[in-house]
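J.: what's the 3D shape of this:
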Amino acid sequence: MSSLSTRVDLALKGFRFDAPVKRGTGAGPSDDGHVVVGGLNAAIPRNQDSPYQVVGDRILYDGDDTGLDLTVVDRPRFYDRSTADGVPYEKLARLHGRDVLATTVVQTCVRYGEADRCRFCAIETSLRAGATTAVKTPAQLAEVARAAVDLDGVRQMVMTTGTSAGRDRGAVHLARCVRAVKAAVPELPIQVQCEPPGDLATLTDLFEAGASSIGIHVESMDERVRRAWMPGKSTVSLDEYRAAWREAVRVFGRNQVSTYLLVGLGEDPDELVAAARELVEMGVYPFVVPFRPLAGTLAAADGAAAPRAHVLEDVSRRVGALLVSSGMRGADQKAGCAACGACGLLSSVGA
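T.: Numbering: from 1, shown residues only. Next comes the predicted model:
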């Protein structure tokens, strides 16, 4: 089995390992442990039934060495601090990968009613469990960011948000938070993530607030898949997404704009790769990530399964080749999910 094939298998089957840095429910792709595998960030599902386990600094498959080394990401020191009014920093922002500070600035979503909810999302589950707060204030995030940089060497930040009912869809509060963090930690690159705002001038507002890059996440460009998996979000047309991506590329620059494409929602692999090609030609980085059933989601309740390994590997290789030939690498983004790369396999193929 090749190194990439092993990484694909590990991403889908997970490992038996209690990683010190981990995340459970939320808006992200899985119940992950954050580690470094073969020198690259990796978010690996924690699965006590997995054939993979960690012994020392090696990853074993049914007791045999896979050839992959693992470095543990230590629990960050900023987790042990709280704001002046008693909110633990860990409830405001979390460490992802080795050096990424991530936060959901508004942990509620206008689309979270069961009829409208994205089937892979559990954004409000962590809120209901008391693991986070509903709204993070700009001052709180500035305080946490300063501590994370000083204590733990954080090198970039990601700010995402649940969608609001307003025309800006949550982007205005993102801009306030970015402005406060940049005032406190001017050297910290920040990626913002939101749906296409109703007024595309808001993208310039985010940039001028200090955001370095932006994720406008569509998850699929197949209309059938969008209606089935994202009934509320699919009401935002692909034309709106295309307009937002183009304007974002104009404002932030080529390869500083990204979008998730999820493998495993039932989309034809050839059509998914074709969608990735369109995005690359626009200057948008298609961050290909496997769908993995996350506890608390409608998909998990329905018994949805992760994609087959050969499909994920094939799509990752083909999209990676498109990116490499176009001179686009996640590592060249100033901040964000593609810059970290942990939740996908593209960094393993040089993209």
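
J.: Show me where this structure dips below the pLDDT cut-off.
T.: Counting by pLDDT under 70, the low-confidence segments of the chain come to 1-2, 23-31.

J.: For it, just list every one of the strands.
T.: For the chain, applying DSSP state E gives strands covering 22-23, 32-37, 40-45, 52-55, 58-61, 64-72, 94-96, 100-104, 156-160, 190-193, 213-215, 257-263, 284-290.

J.: could I get those as CSV with mean neighbour count and distance to residue 149?
T.: All C-beta spots, glycine's among them, are computed from the backbone N, C-alpha and C. Shown next, in CSV, are the strands of the chain (neighbours: other Cβ atoms under 10 Å; distance: least, Cβ to Cβ, whole Å):
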stretch, mean neighbour count, distance to residue 149
strand 22-23, 20, 20
strand 32-37, 22, 18
strand 40-45, 24, 18
strand 52-55, 16, 29
strand 58-61, 18, 30
strand 64-72, 15, 21
strand 94-96, 25, 12
strand 100-104, 25, 8
strand 156-160, 26, 9
strand 190-193, 28, 12
strand 213-215, 27, 18
strand 257-263, 25, 23
strand 284-290, 27, 24
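
J.: dump the residue contacts of residue 319.
T.: With contact taken as Cβ atoms under 8 Å, 6 or more residues apart in numbering, residue 319 is in contact with 261, 273, 276, 286, 288, 346, 351.

J.: if we go to 6 Å?
T.: When contacts are counted by Cβ atoms under 6 Å, 6 or more residues apart in numbering, residue 319 touches 276, 288.

J.: which residue ranges form the helices in the chain?
T.: 3-13, 125-128, 138-152, 171-184, 201-209, 223-229, 238-252, 269-282, 298-301, 309-325, 337-340 (DSSP state H).

J.: Identify, out of those, the most deeply packed stretch.
T.: helix 337-340 (a mean of 30; mean count of other Cβ atoms under 10 Å).

J.: who's in contact with stretch 229-241?
T.: By Cβ under 6 Å, 6+ apart, stretch 229-241 touches 111, 116, 118-119, 195-196, 218, 226-227, 265.

J.: repeat for stretch 260-267
T.: Counting by Cβ under 6 Å, 6+ apart, 217, 219-220, 222, 225, 229, 286-291, 306-307, 312, 315 sit against stretch 260-267.

J.: distance of the closest residue to residue 246 other than its chain neighbours from residue 326?
T.: Distances taken as Cβ to Cβ, 6 or more residues apart in numbering place residue 282 nearest to residue 246, at 6.3 Å, with adjacent residues excluded. The spacing between residue 282 and residue 326, counted by Cβ to Cβ, to the nearest Å, is 11 Å.

J.: Then residue 292?
T.: 28 Å.

J.: more crowded one of the two?
T.: residue 292 (26 against 16; other Cβ atoms under 10 Å).

J.: wait, isn't the more buried one in contact with residue 306?
T.: Yes. Contact criterion Cβ atoms under 6 Å: residue 292 and residue 306 qualify, at 4.9 Å.

J.: just to revisit the earlier point, TSV please, covering the helices of the chain and showing distance to residue 89.
T.: Shown next, in TSV, are those (distance: least, Cβ to Cβ, whole Å):
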stretch	distance to residue 89
helix 3-13	29
helix 125-128	15
helix 138-152	5
helix 171-184	14
helix 201-209	22
helix 223-229	33
helix 238-252	28
helix 269-282	35
helix 298-301	29
helix 309-325	34
helix 337-340	20
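
J.: Tell me the spacing between residue 330 and residue 289.
T.: 12 Å.

J.: now swap in residue 192 and tell me
T.: Using Cβ to Cβ, residue 192 is found at 18 Å from residue 289.

J.: List the contacts of residue 247.
T.: 200, 203.

J.: returning to what we had before: which one of the helices of the chain lies closest to residue 21?
T.: Among these, helix 138-152 comes nearest to residue 21, with 10.4 Å by Cβ to Cβ.

J.: Give me the contacts around the closest one.
T.: Residues contacting helix 138-152 (Cβ under 6 Å, 6+ apart): 76-78, 81, 83, 89, 92-93, 101, 154, 176-177, 180-181, 184-185.

J.: rerun that using 8 Å as the cut-off
T.: Outside of helix 138-152, the residues within contact range by Cβ under 8 Å, 6+ apart are 76-78, 81, 83, 87, 89, 92-93, 95, 99, 101, 103, 105, 154-155, 157, 159, 176-177, 179-181, 183-185, 187-188.

J.: now stretch 104-117
T.: 26-27, 118, 121, 123-124, 126-127, 132-136, 141, 159-165, 170, 173-174, 177, 231-233, 298.

J.: Okay, buried residues for it please.
T.: The neighbour-count check on stretch 104-117 (16 or more other Cβ atoms under 10 Å) flags 104-109, 111-112, 116-117 as buried.

J.: neighbours around the closest residue to residue 249 other than its chain neighbours, how many?
T.: If the residues on either side of it in the chain are set aside, residue 249 comes closest to residue 283, at 4.3 Å by Cβ to Cβ, 6+ apart. Residues near residue 283, counting by other Cβ under 10 Å, number 19.

J.: Run through the residues that contact residue 283.
T.: Residue 283 makes contacts with 249, 253-255, 257, 328, as judged by Cβ under 8 Å, 6+ apart.

J.: Residue 5: which of these is nearest?
T.: residue 328 (23.9 Å).

J.: Tell me the span between the first and last residue of stretch 164-180.
T.: End-to-end distance of stretch 164-180 (Cα to Cα, to the nearest Å): 20 Å.

J.: Give me the distance between it and the centre of its chain.
T.: 18 Å (Cα atoms, centre = their mean, to the nearest Å).
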